[in-house]
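# Okay, predicted coordinates and the sequence, questions at the end:
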Amino acid sequence: MRLIARALLLVALFAIALPLPLDAAPPADTPRTHIVQPGDTLFAIALRYQTTVTAIKQLNHLGESDIIQVGQKLLIPASASPTLTTARHIVQADESLYRIALQYGTTVRTLVQLNDLTNPNVIVPGQALVVPTNSNVVKPGVLIEPQIARQGGTLLIRIARAGLTKVTGTFGGKPITFTPSAGYWYALVGISRCAKIGTATLNLTLTDATGQTVAETTTLNIEATAFQVQHLKIPAGKTTLLDSTLQMRENAQFNALVNQFTPTRLWSGVWRQPLYGPVSSAFGTRRSYNGGPVGMCGHEGTDFDVDAGVPIYAPARGRVVFAGTTQVRGELTVIDHGVGVFSAYFHQSAIFVQAGQMVEPGMLIGKVGTTGLSTGPHLHWSVIVNGEYVDPLEWTSRVMP
């Protein structure tokens, strides 16, 4: 037993004497080092690493002093972990904290916390501020959400720069209209459900109060959406509604309605659904009718499988621009929600609104039916943005703008 104990002791001593490999990770309780950058404050560093100013002071023996110097090495508690990436912004003569917050896609409250400001209304030209980096900021003052677009999705583009009197642009070669808001300009862009996959170019022209213009260009990726394929059997009495000439004529009339632009945004907040029930055909589903070829561009809306007569409610505030009978879409209601955004309700059995009427969210507008090109009772709900059909359900989970 004594020999075994001595052997184990020698093994332990030998293991201690062995040098650690150069790439070995430090012990879990080893503090990390942060090099102070221009604009850093103890509060901003503590917030970034999810720790406290007191913990950093104690670890670095700073006493009661809040003074740190650029280039200074600070030990950060081992339990801390960085969750916020930041950059530096130098305050310009005509800037406010609100304007800077818009430019970087953040909030005044976040800037106050990051920079330990006592008064958010007092910043001076030349002052260095810590600002959070936002993945939606493609350039300072140009915010795009989401940065990676998808077929059938909606893009929100915001331009937050001082002194602009006009913003124009194109996306993928198609004109887009910008609307002024509280300190910024914005545009909503619908991505076609059959958009080409790859990069698309956003061209901007920014005009200031003196009439000077600046042109900027950036690119975004458009990714494919995994749309399903659906085979439908159309009853013999409705096969005439598949006629391409008839559909082209009705599409032209419908497009003339939804390609208008009302400069005022009429809704606010997240939209509600017009009704609740199982989805029988998702937006963008590629369809084959009566064994024919699968269409290149898919379903123009979301179908809810509900019984005839189920009430349909307005999902958001808007103005009715059409309420009547069509051949393919059946009993149809179209609502203009402003700034190029429309919603439409196909195949109804009854319509309770009329053209020109304002509707509020939750207002009864019709009942489910099976009129037009329909195989059974359901609600077809479409949302159109900048002339393109988009996924309606995305509007029930995002605030736009």
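Good, I have the coordinates. Numbers count the residues shown, from 1 in each chain.

# any idea which element the closest residue in space to Arg319 that isn't next to it in sequence lies in?
Spatial nearest neighbour of Arg319, chain neighbours left out: Asp336 (5.0 Å); criterion: Cβ to Cβ, 6 or more residues apart in numbering. Bear in mind the C-beta positions are built from the backbone N, C-alpha and C, glycine included. Asp336 belongs to strand 331-338 when assigned by DSSP states H and E.

# how much space between the residue nearest to Arg319 and Glu223?
30 Å (Cβ to Cβ, to the nearest Å).

# which of the two has more neighbours?
Neighbour count, other Cβ atoms under 10 Å: between Asp336 and Glu223, Asp336 has more, with 21 against 13.

# For that one, name its beta-bridge partners.
Arg319, Phe342 (DSSP bridges).

# OK, contacts around it?
Gln260, Thr262, Leu266, Gly318, Arg319, Val320, Val321, Phe342 (Cβ atoms under 8 Å, 6 or more residues apart in numbering).

# switch to 10 Å and redo it
257-258, 260-262, 266, 318-322, 342-343, 384 (Cβ atoms under 10 Å, 6 or more residues apart in numbering).

# what's the answer for Trp395, then?
154, 267, 270-273, 315-316, 337, 341, 343, 383, 385.

# Out of those, the closest to Asn119 would be?
Distance to Asn119, by Cβ to Cβ, is smallest for Val270 among these, at 33.7 Å.

# where does the nearest residue to the closest one once chain neighbours are set aside fall, helix, sheet strand or coil?
Nearest non-adjacent residue to Val270, counting by Cβ to Cβ, 6+ apart: Val399, 5.6 Å away. Assigned by DSSP: H, G, I helix; E, B strand; the rest coil, the conformation of Val399 is coil.

# Kindly report the same for Ile222.
strand.

# rewinding a little: any idea which of the contacts of Trp395 is the one closest to His231?
Val383 (25.3 Å).

# Quick check: bridge partners of the closest one?
Bridge pairing for Val383 - DSSP bridges - gives Ser343, Val390.

# before we move on, which element is Arg204 in?
For residue 204 the amino acid is Leu, not Arg. Under the criterion of DSSP H and E, Leu204 resides in strand 198-208.

# Mind giving me the packing neighbours of that strand?
strand 142-145, strand 154-159, strand 164-171, strand 174-177, strand 185-190, strand 213-223 (3 or more Cβ pairs under 10 Å, 6 or more residues apart in numbering; DSSP states H and E).

# Rebuild those as a markdown table, extending it with distance to Thr133.
Listed next are those as a markdown table, based on distance: least, Cβ to Cβ, whole Å:
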| stretch | distance to Thr133 |
| --- | --- |
| strand 142-145 | 12 |
| strand 154-159 | 16 |
| strand 164-171 | 23 |
| strand 174-177 | 26 |
| strand 185-190 | 21 |
| strand 213-223 | 16 |
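
# got a markdown table for these, with distance to Ile197 and mean pLDDT too?
Output for the helices and strands packed on strand 198-208, formatted as a markdown table (distance: least, Cβ to Cβ, whole Å; pLDDT from 0 to 100):
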| stretch | distance to Ile197 | mean pLDDT |
| --- | --- | --- |
| strand 142-145 | 18 | 90 |
| strand 154-159 | 16 | 94 |
| strand 164-171 | 15 | 96 |
| strand 174-177 | 17 | 96 |
| strand 185-190 | 16 | 97 |
| strand 213-223 | 6 | 94 |
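
# for those, which one sits closest to Leu232?
Taking Cβ to Cβ, strand 185-190 is the member of those nearest to Leu232, at 25.0 Å.

# for the closest one, the distance to its chain's centre please.
The chain centroid and the centroid of strand 185-190 are separated by 11 Å, computed with Cα atoms, centre = their mean, to the nearest Å.

# buried set for the helix or strand hosting Arg249?
Assigned by DSSP H and E, Arg249 belongs to helix 244-258. For helix 244-258, burial by neighbour count (16 or more other Cβ atoms under 10 Å) applies to Glu250, Phe254, Val258.

# any idea which of those is the one closest to Ser181?
Closest approach between these and Ser181, by Cβ to Cβ: Val258, at 22.5 Å.

# can I assume that closest one is in contact with Ala252?
No - if you go by Cβ atoms under 10 Å, Val258 and Ala252 don't touch, sitting 11.4 Å apart.

# All the strands of the stretch 1-150 of the chain, in order from the start?
32-35, 73-76, 86-90, 128-132, 137-139, 142-145, 148-150 (DSSP state E, counting those that start in this stretch).

# Now tabulate those strands in CSV and tack on mean neighbour count and distance to Gln228.
As requested, the strands of the stretch 1-150 of the chain are arranged in CSV below (neighbours: other Cβ atoms under 10 Å; distance: least, Cβ to Cβ, whole Å):
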stretch, mean neighbour count, distance to Gln228
strand 32-35, 13, 48
strand 73-76, 17, 49
strand 86-90, 16, 42
strand 128-132, 21, 39
strand 137-139, 18, 32
strand 142-145, 20, 26
strand 148-150, 17, 15
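
# I'd like the ones you listed as CSV, with distance to Leu373 appended.
Listed next are the strands of the stretch 1-150 of the chain as CSV, based on distance: least, Cβ to Cβ, whole Å:
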stretch, distance to Leu373
strand 32-35, 64
strand 73-76, 64
strand 86-90, 54
strand 128-132, 50
strand 137-139, 41
strand 142-145, 35
strand 148-150, 27
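
# closest to Gln50 out of the ones you listed?
Among those, the nearest to Gln50 by Cβ to Cβ is strand 73-76 (9.9 Å).

# Which strands or helices does that closest one pack on?
strand 32-35, helix 42-48, helix 53-60.

# for the record, mean pLDDT for the second one?
For helix 42-48, the mean pLDDT works out to 74.

# CA-only coordinates of it in CSV, if you can.
Provided in CSV are the C-alpha atoms of helix 42-48 (Å, rounded to 0.1, in the frame of the first residue of the first chain):
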residue,chain,number,x,y,z
LEU,A,42,-17.8,52.6,-16.2
PHE,A,43,-21.5,52.4,-16.5
ALA,A,44,-21.4,51.5,-20.2
ILE,A,45,-18.7,48.9,-19.6
ALA,A,46,-20.7,47.3,-16.7
LEU,A,47,-23.9,47.3,-18.9
ARG,A,48,-22.0,45.7,-21.8
